[in-house]
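In: Predicted structure and sequence below. I'll ask about it afterward.
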Protein chains: 4
Amino acid sequence: MAKKLTEEKINEIMETGIRVFADCGYEGANTNVIAHKAGISVGVLFKYFGDKESFFLSCLKRSTDILEQVLSQVESDEGNTFSKAESLFRAVISFSREHGDYIRMYHMITAGSNKALTERLAAEIEGVSSQVYGAYIARAQAVGDIRADIAPEKAAFFFDNLLMMLQFTYSCDYYKMRLKTYTGLDADDEAADEAMIKQLLMFVDGALRP
Amino acid sequence: MAKKLTEEKINEIMETGIRVFADCGYEGANTNVIAHKAGISVGVLFKYFGDKESFFLSCLKRSTDILEQVLSQVESDEGNTFSKAESLFRAVISFSREHGDYIRMYHMITAGSNKALTERLAAEIEGVSSQVYGAYIARAQAVGDIRADIAPEKAAFFFDNLLMMLQFTYSCDYYKMRLKTYTGLDADDEAADEAMIKQLLMFVDGALRP
Amino acid sequence: MAKKLTEEKINEIMETGIRVFADCGYEGANTNVIAHKAGISVGVLFKYFGDKESFFLSCLKRSTDILEQVLSQVESDEGNTFSKAESLFRAVISFSREHGDYIRMYHMITAGSNKALTERLAAEIEGVSSQVYGAYIARAQAVGDIRADIAPEKAAFFFDNLLMMLQFTYSCDYYKMRLKTYTGLDADDEAADEAMIKQLLMFVDGALRP
Amino acid sequence: MAKKLTEEKINEIMETGIRVFADCGYEGANTNVIAHKAGISVGVLFKYFGDKESFFLSCLKRSTDILEQVLSQVESDEGNTFSKAESLFRAVISFSREHGDYIRMYHMITAGSNKALTERLAAEIEGVSSQVYGAYIARAQAVGDIRADIAPEKAAFFFDNLLMMLQFTYSCDYYKMRLKTYTGLDADDEAADEAMIKQLLMFVDGALRP
DNA sequence: AATGAATGAGAATTCATTCAT
DNA sequence: TATGAATGAATTCTCATTCAT
């Protein structure tokens, strides 16, 4: 049986890992369970990924890569500053809903539990979104869509802050609850998205427009 | 050996717990290690706090209580909408620096790994800050300091989102790195706070002022 | 507070111990719980009884002593062989009901769990009933109430065997169940005693009468 | 390491368990010790048997099954009431000698320490011997070998009582001592069996014959 | 190369016993 | 002398990792 694992199978394994890590946390995740759910033997898991930590890092890399890909795509689309913001909001919400595991995984690790991991992480995540949003704000500023009195890199930072919270809000149970408590909106109800997006656009517009 | 633990000692144990939970996560934290670091025997830990989960909940309660206390204090202070915002920013930054463990603990748990815990958590954290910020925005709106076209509860929500990210930024290593990447600022350098606060004030002012 | 424990209090402590040991077994019994139930501090328990094992042995001694006392009393009463047997059966049943803990304690230890204990036990229990029943059978034989073809010590042994099972039957839940399964009788229903005693008398009478 | 345990090995593990449980009682038995004695890792013990209680129940089931098997075999053999009784006595003595652990295990649990276990036990042990002896007595009665004035189920009960004590006598140290004290016989000396069997036969014969 | 059974170090929790008060 | 809080060794059970097949 010299049938090496296909790339597709490897991705499937990581997807399973992402799901389990997101649900159970790093320590709480069980490699035996992950292997079983992925339909492989533990032997393969360890042969291909080394050990639990390396496997986790691989999963994390994959999830941030995919997120980055989606955001870059949106940012590079046509459109003016304002309409692009709307597209970004929509993309973030829909991505967070569909791939909540990725977000939660990212969220979990940025909380900095497990010092050793976080440190080894620094290199791995290279600012997922900072390039994307930095570029977005820079372009907006270039065409005069951004007030001049706020430093563009600060603006990009605050903008990203709002988007990160948007991610959490649409993927983590706790943040869904929090949304409900604050605004009465249900994160799982797509019909409510318009209201959220409209208000957020106004908020950001006010904050950034010259 | 027959001297009952003072309340102070109990608090000290919880502080140790908060630090370790914040560093290692819930599953990653080792009760033997916590007891050792706190200078007590494991027996005491379990006698006073029941089991690991209850101990964790006690630690969490303590950290959120203290945060809430600080925020309420600031919010109830004198001052107009604008100056109060500045006070809040300062308070959040300074609290996050001093009690980073509290924030990281909170951050970690809201990421939602360990489903069982998160659920049992819902009741415990009753929106730490939602009342505080809700009240702040409501009062601001009452005196006409807030634009009318954004729903006040949405405004409070976005406002809180920014403050939560501020907390993370000044307490979690990953977010400090992120701040550096975006803005070049060093979260540990207090001299840099003014710039951050000033820019954030402008951002929020623009977003909310009528 | 130089008030030494009264003998009465010591007995009360042992009674508590007997109850708990009988309910939970030796390893299952918790000295802290026993002390608490007895209304004393663990300190006292260990000061007066040395350690858990010694305390257990004291409890055991007490329970067998009391059993022996009751049986001796009955055996030394007036009456012929036959009526004395009936008195013994009644006494055993009523004692087993009232002081089931004693019997269960005895039962437990004779099962030989906890090797170390059983060995140290040998000396402690000096045949609780062998003297009593030996004497009974000897006397019966002396007056010609016992068939000559069975060796009197064997007869006493089989007789005691039946009485021991009677003890278990009226004190241990498992044996109560067993009685029900076999005969339909309810060990807790005193009205059913007459049937049991009558049948047992006939059985023994047939087995022993010349 | 990847060779699944043979059924034989699994039985060997249970035999070890039976021995240790019989020696130390349920609470006193140490799973690490059992695994070590059985030549396996603790991991295997828990993988195959779930937890300590389940393992105990498995051991108990095995020991009662085997006892029942032996008794049923004897009871279904050829022979009249009297000769069958003799066969039963011989079988019980030899089984108790050979598999003393089984008997002590059974004895221990029927003593009823550890309430929870005893209850869960009720269902497991379905009267090991009551069917066997009930059938034996019923058949004897059918052919007129049993006196009519004792109810057959009572007769079976007393008969079983004597056999249970016979089991204890030939497997538990305490009961061996007791035998010695009463009769001077040595339970470990097979040469002495004839005397015991003969006397017991006479006792039972007198008790039951019409 | 893949499997998955076995391993055993490690973690939570209990409880007999001590000893400062 | 009595107390009962504190101790920490011991116990059950888990799970990352290995390696014989």
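Out: Structure received. Numbers count the residues shown, from 1 in each chain, chains lettered A, B, ... in the order given.

In: so how far is A:Leu71 from the residue in chain A that DNA strand E sits nearest to?
Out: Here the residue of chain A nearest DNA strand E is A:Gly43; by C-beta to the nearest atom of the strand that distance is 2.0 Å. Yep, even glycine has a C-beta here, placed from its N, CA and C like the rest. The span separating A:Gly43 from A:Leu71 equals 37 Å under the rule C-beta to C-beta, to the nearest Å.

In: Among these two, which residue is more densely surrounded?
Out: In terms of neighbours (other C-beta atoms under 10 Å in any protein chain shown), A:Leu71 is the more surrounded of A:Gly43 and A:Leu71; the figures are 21 against 10.

In: now the helices for chain A?
Out: In chain A, the helices defined using DSSP state H lie at A:7-28, A:31-38, A:42-49, A:52-76, A:81-98, A:100-110, A:115-124, A:130-142, A:152-169, A:173-183, A:193-208.

In: Now do the second one: which elements does it pack against?
Out: Put plainly, it is helix A:31-38. Other helices and strands packing on helix A:31-38, by 3 or more C-beta pairs under 8 Å, 6 or more residues apart in numbering or on different chains; DSSP states H and E, are helix A:7-28, helix A:42-49, helix A:52-76.

In: got these as CSV, with distance to A:Gln131 columns?
Out: Written out in CSV, the entries for these read as follows (distance: least, C-beta to C-beta, whole Å):
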stretch, distance to A:Gln131
helix A:7-28, 22
helix A:42-49, 27
helix A:52-76, 8
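
In: Format those helices as a markdown table; extra columns: mean pLDDT.
Out: Compiled in a markdown table, the helices and strands packed on helix A:31-38 are given as follows (pLDDT from 0 to 100):
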| stretch | mean pLDDT |
| --- | --- |
| helix A:7-28 | 90 |
| helix A:42-49 | 95 |
| helix A:52-76 | 87 |
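
In: B:Gly50 is nearest to which of these?
Out: Closest to B:Gly50 of the helices and strands packed on helix A:31-38, according to C-beta to C-beta: helix A:7-28, at 20.3 Å.

In: What residues of that closest one count as buried?
Out: A:9-10, A:13-28 (16 or more other C-beta atoms under 10 Å in any protein chain shown).

In: Run through who's touching that helix.
Out: Contact with helix A:7-28 is made by A:5, A:29-30, A:33-34, A:37-40, A:45, A:48, A:55-56, A:58-59, A:62-63, A:100-102, A:104-105, A:108-109, A:113-114, A:117, B:24-28, B:111, B:113-115, as judged by C-beta atoms under 8 Å, 6 or more residues apart in numbering or on different chains.

In: Please pick the buried ones from those.
Out: Burial of the contacts of helix A:7-28 was assessed by neighbour count (16+ other C-beta under 10 Å); the buried members are A:29, A:34, A:38, A:40, A:45, A:48, A:55-56, A:58-59, A:62-63, A:100-102, A:104-105, A:108-109, A:113-114, A:117, B:24-28, B:111, B:113-114.

In: Please list which of those residues are also close to DNA strand E.
Out: The subset of the buried ones among the contacts of helix A:7-28 within reach of DNA strand E, by C-beta under 7 Å from any atom of the strand, is A:Ile40.

In: lowest average confidence, helix or strand, in chain A?
Out: Lowest by mean pLDDT, DSSP states H and E among the helices and strands of chain A is helix A:115-124, with a mean of 61.

In: For the spatially most central residue of chain A, give me its contacts.
Out: What sits nearest the mean C-alpha location of chain A, by C-alpha atoms, centre = their mean, is A:Ile103, with 4.0 Å. When contacts are counted by C-beta under 8 Å, 6+ apart, A:Ile103 touches A:67, A:95-96, A:167-168, A:170-172.

In: Between those residues, which sits nearest chain C?
Out: The closest of the contacts of A:Ile103 to chain C turns out to be A:Cys172 (C-beta to the nearest C-beta; 42.9 Å).

In: Check that closest one and give its pLDDT.
Out: pLDDT, A:Cys172: 88.
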